[in-house]
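> sequence isn't available, so here's the structure alone:
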């Protein structure tokens, strides 16, 4: 058993690991990110810090806001999105390698099912349907 500075025995204690990014429970944010990943050109991760960019065209990318970055990383950590191959992309004048974020088949099917559901009453989209 390890000892402390004064020679007393102590048990090793694991240091608490802070979450890498805040977790969101807002389903609209998660659906917005998943819809962009499925319907549009998707996302890429660049650098060791896993900075999230939105893919623009064939060889371009642009930075995403912090809320979107957190939601994409949350989806990757939960298995809703996966990290794929590496590509050489350009952001402004900088050209760097970035890993593509891919959407598994199960996630695509969930997104299609969720998009076909009727919006909740009390949401802007739900109130429009109710009055129609």
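Good, I have the coordinates. These figures come from a predicted structure and were not determined experimentally. Residues are numbered from 1 along each chain as shown.
> lowest mean pLDDT among the helices and strands, pick that one out for the chain.
Ranked by mean pLDDT, DSSP states H and E, the weakest helix or strand in the chain is helix 124-131, scoring a mean of 55.
> where exactly do the strands run in this structure?
Using DSSP state E, the strands of the chain run over residues 43-46, 51-56, 60-63, 82-91, 94-102.
> so which of those strands is the most packed in?
Of all the strands of the chain, strand 43-46 carries the top mean neighbour count, a mean of 23, counting by mean count of other Cβ atoms under 10 Å. From N, CA and C alone the C-beta is placed, and that goes for glycine too.
> so for that strand, mean pLDDT?
On average, the pLDDT along strand 43-46 is 93.
> how distant is it from the center of its chain?
A distance of 10 Å separates the centroid of the chain from that of strand 43-46, by Cα atoms, centre = their mean, to the nearest Å.
> partner strands of that strand and their direction?
Partners of strand 43-46 in the sheet, by DSSP bridges, are strand 51-56 (antiparallel), strand 94-102 (antiparallel).
> tilt between the first one and strand 82-91?
Interaxial angle of strand 51-56 relative to strand 82-91 (axes from the mean of the first three to the mean of the last three Cα atoms, to 10 degrees): 70 degrees.
> now do strand 51-56, average pLDDT.
When pLDDT is averaged over strand 51-56, the result is 92.
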